[in-house]
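no letters, just coordinates:
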């Protein structure tokens, strides 16, 4: 049905006009100075805040990651000599990385400063110029080990373009300082690490148990020699004595092995050419900083993701409630306007 | 007739109109819309005053890039009117009996309307009168009306045709010759 143009014209020609009293009232309202609410000046426009806050939070995350990365990379400089190529002379390196406690000990099983038994092990990587130098260095290392009273546990030498030699040697603890100094002189030191494990606690325990077993063995032996015992009782005691003696023998072996462990140090040596790729290039300060910063960013991402996972259901519920309320309100409006 | 300065998009760099200028220019539109919606001049006047008070409080938030001042004011007027309808509905429910309601005097929708058309307008629902006021009397386009009412342009068009059809029918009953 097309509405009559007359009808529309009549409606448009008779537009309602606001009465004079209402006009005066609205004019008064519009001219009146508006008393600003005290809260209004503190109210922040949400969109503007979001536009500023989103990049600010991102920048803060990046800056904090960078700062943490920078500080952690500095910490690595201080505490991790093993990861850094050592440019000093071998002697000075030893003094830096190996404590007097470990290396100043005389030949024997115990450290002279503390009197404790310790296991000393070292890992050393040196770089030489070519394949021939690798072979020569491996031979020199074996000679040095033997000269110091030690022995080679294992050795593997690869020649050719990517020449490399890896060997494990054991030298007396008292000679470890000499050994490292000698091995360091085989090429350019790339990394070295010395580890000291305390064996005294376990040695003490073994010795206490040994003393206890000796006492028990002596007591049982005395009873068997002096007392007149029933055959069954004697058999029980003899069985027990045999078990104790067996345990005592095992214990003595353990103590001897521990002493041997404390007497000899283990050195793992790697000799390689730069082309061999055995020696991983030490990361620069910038690389370490970026690496640490990336780690921090990953953690920040994980935290944000976790928060999103936790908050997503709540946000969805809120959204559903808001949509439901909006729908209800719209229907209610329609109902009101249908009368 | 509407002033171009407020209803059309402002050129960049043009000074923003003052609230007083906007109120002066759009008062008739707001009042007319509310009169059509409520059928009651007294209520329409009250709601018009309330609309401009609300608008003044929110004037700083008005962004001309998001719509015309007229659409913004009409949205505030609609919200005020719906609040009034809700309050009325609650009041009527409380009173329970329709007889107890205060009978308001019948209002005119505008100077010069024939009694048949006045009668026809009164027979329409508030929703139908609303769309008639916006599309025919205030001459808002379909898109703007749809945005204001929160419905699709098709629904607006359907409601408008229904309202005009009812009015035509009513007029024909009054004057069977036409």
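Arrived safely, thanks for sending. All figures in this text were calculated on a predicted structure; none of them were measured in a lab. Residues are numbered from 1 along each chain as shown, chains lettered A, B, ... in the order given.

center of chain B - which residue?
Chain B has residue B:33 as the residue nearest its centroid, 2.1 Å off, counting by CA atoms, centre = their mean.

near chain A at all, the host helix or strand of it?
Per DSSP states H and E, residue B:33 falls inside helix B:19-38. Yes - applying CB under 8 Å from any CB of the partner chain, one finds helix B:19-38 in contact with chain A at B:19-20, B:23-24, B:27-28, B:30-32, B:35-36. Placement of C-beta: from N, CA and C, glycine included.

so which two of those are the farthest from each other?
B:20 and B:36 (25.3 Å; CB to CB).

for these two, indicate the residue with more neighbours.
Between residue B:20 and residue B:36, counting by other CB atoms under 10 Å in any protein chain shown, residue B:36 is the more crowded of the two (26 against 14).

how far out from the middle of the chain is the host helix or strand of residue A:293?
Assigned by DSSP H and E, residue A:293 belongs to helix A:285-337. Remark: helix A:285-337 is offset 31 Å from the chain centroid, using CA atoms, centre = their mean, to the nearest Å.

quick check: whichever residue of the stretch 201-339 of chain A sits closest to chain B vs residue A:158, distance?
Of all residues in the stretch 201-339 of chain A, residue A:337 sits closest to chain B, at 3.6 Å by CB to the nearest CB. Separation of residue A:337 from residue A:158 (CB to CB, to the nearest Å) stands at 90 Å.

so for the one helix or strand residue A:190 maps to, mean pLDDT?
Taking DSSP H and E as the criterion, residue A:190 maps to strand A:188-198. Strand A:188-198 shows a mean pLDDT of 85.

next SSE after it?
Going down the chain from strand A:188-198, the next helix or strand is helix A:200-226, by DSSP H and E.

in chain B, which spans are helices?
With DSSP state H as the criterion, chain B has helices at B:4-7, B:19-38, B:41-58, B:69-95, B:115-123, B:126-132, B:142-149, B:153-174.

now render those helices as CSV, adding mean pLDDT.
Listed next are the helices of chain B as CSV, based on pLDDT from 0 to 100:
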stretch, mean pLDDT
helix B:4-7, 46
helix B:19-38, 92
helix B:41-58, 92
helix B:69-95, 90
helix B:115-123, 87
helix B:126-132, 92
helix B:142-149, 91
helix B:153-174, 89
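
what's the closest of these to residue A:52?
Nearest to residue A:52, of all the helices of chain B, is helix B:41-58, at 23.1 Å by CB to CB.

for that closest one, packing partners?
helix A:20-31, helix B:19-38, helix B:69-95 (3 or more CB pairs under 8 Å, 6 or more residues apart in numbering or on different chains; DSSP states H and E).

my read: residue B:69 touches residue B:23, true?
No - the pair residue B:69 / residue B:23 is not scored as a contact, 9.5 Å apart, by CB atoms under 8 Å.

okay, domains of the chain per the record?
Just going to use chain A. Following automatic domain parsing, chain A resolves into domains at A:47-79, A:83-200+A:259-288, A:203-257.

look at chain B instead
B:17-107, B:109-178.

using a markdown table, lay out those together with distance to residue A:251.
Below are these laid out as a markdown table (distance: least, CB to CB, whole Å):
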| stretch | distance to residue A:251 |
| --- | --- |
| domain B:17-107 | 88 |
| domain B:109-178 | 90 |
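
of all those, which lies closest to residue A:168?
Ranking the domains of chain B by proximity to residue A:168 (CB to CB) places domain B:17-107 first, at 77.0 Å.

what's near enough to touch the residue nearest to the centre of chain B?
By CB atoms under 8 Å, 6 or more residues apart in numbering or on different chains, the residues touching residue B:33 are B:74, B:77-78, B:130, B:133-134, B:137-138.

ChimeraX command to pick out the buried ones of the residues of helix B:19-38 next to chain A?
Selecting only the buried entries of those in ChimeraX, with 16 or more other CB atoms under 10 Å in any protein chain shown as the criterion:
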select /B:19,23,24,27,28,30,31,32,35,36
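
before we move on, the earlier item: which one of the domains of chain A lies nearest to residue B:115?
The nearest among those, by CB to CB, is domain A:47-79 at 51.4 Å.

got any ranges where the stretch 101-250 of chain A has weak pLDDT?
For the stretch 101-250 of chain A, residues meeting the criterion pLDDT under 70 lie at A:101-114.

show me where it has helices.
Taking DSSP state H, counting those that start in this stretch to define them, one finds helices in the stretch 101-250 of chain A at A:131-147, A:176-184, A:200-226, A:231-263.

close to chain B: what parts of the stretch 201-339 of chain A are there?
A:330, A:332-334, A:336-339.

can you say which of the residues you listed are buried?
Neighbour-count burial within these applies to A:333, A:336-337; the criterion is 16+ other CB under 10 Å.

can you lay out these as JSON lines showing pLDDT?
Below are these laid out as JSON lines (pLDDT from 0 to 100):
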{"residue": "A:333", "pLDDT": "87"}
{"residue": "A:336", "pLDDT": "85"}
{"residue": "A:337", "pLDDT": "87"}
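
which one of these sits closest to residue A:239?
The closest of those, once distances to residue A:239 are taken by CB to CB, is residue A:333, at 98.0 Å.

quick one, what contacts the nearest residue to that closest one once chain neighbours are set aside?
Spatial nearest neighbour of residue A:333, chain neighbours left out: residue B:82 (5.5 Å); criterion: CB to CB, 6 or more residues apart in numbering or on different chains. Remark: with contacts taken as CB under 8 Å, 6+ apart, residue B:82 is in contact with A:333, A:336-337.

and residue B:82, how far is that from residue B:43?
13 Å.

how about residue A:6?
According to CB to CB, residue A:6 stands 29 Å off from residue B:43.

looking at these two, which one has more neighbours?
When residue A:6 and residue B:43 are compared for neighbours, residue B:43 comes out ahead with 19 against 10, by other CB under 10 Å.

touching, the more buried one and residue B:84? I think so.
Yes - counting by CB under 8 Å, residue B:43 touches residue B:84, with 6.5 Å between them.
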